[in-house]
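S.K.: have a look at this fold, sequence not included:
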């Protein structure tokens, strides 16, 4: 049995979910707050993405970066982070802090509670100027986010993945980029961001996670409940993802850029998400297809025929998508496409050996065991279960993977549908995505 995989679940009086994992496995206490928004409007997505990068620049109590740094130093070098993520058609605004456990330092402070106070200060006591966030902070956040959006084009691997998502999910909310768009970002400057975020805090699902050797988890909950006692009227769902199961267009998109190596991203639809009985078979299927060095695509296209510099697959389980990513020479494009289709057909025909199946299961189990040694990963895995309304422990996941049989893989393989090919090839660069 793996330790550190059980969360005690609570709900505050104003409908905020609190999950506390009391474990002595880590020397730190980690607190993560996720504010979940629907990924469904270009303008709102851009505003949502901007907010964390404005808030972390200063608060009313700690008005400068230097003041924040001093406070974190006083918390024995606590680590503060903000980020924006996408899980299915949900946008996550994330605020987190990690602090050393009191027992390892000579202090009379309650570092866990002080860290909760700090996150609350950041969210609810911002530094204002004329009824909005301080303009200096908004401008710096805007510039930072603009650079991150523009930098996507320079990271060719990430760019190709995002473009494939955009094309295969065109017209669906999932096609929106996690950080929004330059146009949406510009439009966000015309609104009062502070008033908008007050609305977000009232109506959005909010998930608070605490993991570490926290003592009495009920006491921790009571502290969080009292601290976050503000008026709320939650009217949004935790998962806003629509699973599309038919009516797909077969797309082939080619785009030029100043690259020497072509990059192929092939998009697959599969009507299986975490609540489906074949979910764990889907995880193993992904590993067998292209998740490991022994997989069908890697061993054939990369090792046997030398047609790819790299090739792998990635699974987006909340939306039911698999992407095949490969770095190839443009002259081999049609050949690689043909082999991909051939290997997909072999999987649905059951033409794979037990060694591939067993190795994939073993490697996946090892991956989940390693995941259990990282407090951030434990929280992320649990959050993914929350979003998909299936809160599985790591032990349950591992046992479920062990039970996957060949017939399950074939059943998954018969459900997949290759719909999209996106190719980035050598040529003249285009301006933006």
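M.R.: That came through fine. No experiment lies behind these values; they were computed from the predicted model shown.

S.K.: hey, let's count contacts and neighbours off CA atoms from now on
M.R.: Will do.

S.K.: three-state assignment of residue 82?
M.R.: strand (DSSP: H, G, I helix; E, B strand; the rest coil).

S.K.: which residues touch it?
M.R.: By Cα atoms under 8 Å, 6 or more residues apart in numbering, the residues touching residue 82 are 52-53, 56, 93-96.

S.K.: okay, strands next: where are they in the stretch 251-400 of the chain?
M.R.: 251-257, 262-269, 310-316, 321-328 (DSSP state E, counting those that start in this stretch).

S.K.: and residue 265, what does it touch?
M.R.: Counting by Cα under 8 Å, 6+ apart, residue 265 makes contact with 160-161, 164, 323-326, 421-423.

S.K.: I'd like the residues you listed laid out as CSV, including neighbour count, pLDDT and distance to residue 376.
M.R.: Output for the contacts of residue 265, formatted as CSV (neighbours: other Cα atoms under 10 Å; pLDDT from 0 to 100; distance: Cα to Cα, whole Å):
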residue, neighbour count, pLDDT, distance to residue 376
160, 23, 97, 27
161, 20, 97, 24
164, 25, 97, 28
323, 24, 98, 25
324, 23, 98, 27
325, 22, 97, 26
326, 25, 97, 29
421, 21, 98, 34
422, 23, 98, 33
423, 24, 98, 34
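
S.K.: circling back: only the buried subset of the contacts of residue 82, as a ChimeraX command please.
M.R.: Only the buried entries of the contacts of residue 82 go into this ChimeraX selection, using 16 or more other Cα atoms under 10 Å:
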select :52,53,56,93,94,95,96
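
S.K.: hmm, back to that, which of the strands of the stretch 251-400 of the chain is buried the deepest?
M.R.: strand 262-269 (a mean of 25; mean count of other Cα atoms under 10 Å).

S.K.: I'd guessed residue 414 sits against residue 348; true?
M.R.: Yes - contact criterion Cα atoms under 8 Å: residue 414 and residue 348 qualify, at 5.1 Å.

S.K.: these two: who's more crowded?
M.R.: In this view residue 414 and residue 348 are compared by other Cα atoms under 10 Å, and residue 348 has more residues nearby, 18 against 15.

S.K.: for residue 422, name its beta-bridge partners.
M.R.: On the basis of DSSP bridges, residue 422 is bridged to residue 253, residue 265.

S.K.: next, the closest residue to residue 328 other than its chain neighbours: phi, psi?
M.R.: In space, residue 328 comes closest to residue 308 once its chain neighbours are excluded; the distance is 4.7 Å by Cα to Cα, 6 or more residues apart in numbering. Backbone torsions for residue 308, taken as degrees, to the nearest 10, come to phi -140, psi 140.

S.K.: thought residue 308 was touching residue 302?
M.R.: Yes - with contact defined as Cα under 8 Å, residue 308 counts as touching residue 302 (5.0 Å).

S.K.: more neighbours: those two, which one.
M.R.: residue 308 (24 against 20).

S.K.: report the contact partners of that one.
M.R.: 301-302, 326-329.

S.K.: from the residues you listed, pick the one nearest residue 293.
M.R.: Minimum distance to residue 293 across these is 9.3 Å, recorded for residue 302 (Cα to Cα).

S.K.: which pLDDT value goes with the closest one?
M.R.: Each residue has a pLDDT score; the one for residue 302 is 96.

S.K.: and the gap between it and residue 414?
M.R.: Using Cα to Cα, to the nearest Å, one gets 25 Å for the distance from residue 302 to residue 414.

S.K.: cool, and residue 108?
M.R.: For residue 108, the distance to residue 414 - Cα to Cα - is 61 Å.

S.K.: do residue 367 as well
M.R.: Taking Cα to Cα, one finds residue 367 at 26 Å from residue 414.

S.K.: just for the chain, where's the confidence low?
M.R.: For the chain, the stretches with pLDDT under 70 are 1-5, 430-433.

S.K.: mind doing that once more with 50?
M.R.: Across the chain, the ranges flagged by pLDDT under 50 are 1.

S.K.: domain map for it?
M.R.: Listed domain ranges for the chain are 8-227, 251-426 (source: automatic domain parsing).

S.K.: just send those domains back as CSV, with distance to residue 244 too.
M.R.: Formatted as CSV, these follow (distance: least, Cα to Cα, whole Å):
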stretch, distance to residue 244
domain 8-227, 9
domain 251-426, 7
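
S.K.: so which other helices or strands are in contact with the one helix or strand residue 50 maps to?
M.R.: Element membership of residue 50, judged by DSSP states H and E, is helix 42-55. Packing partners of helix 42-55 (3 or more Cα pairs under 8 Å, 6 or more residues apart in numbering; DSSP states H and E): strand 79-87, strand 90-100, helix 135-151, helix 182-188, helix 193-203.
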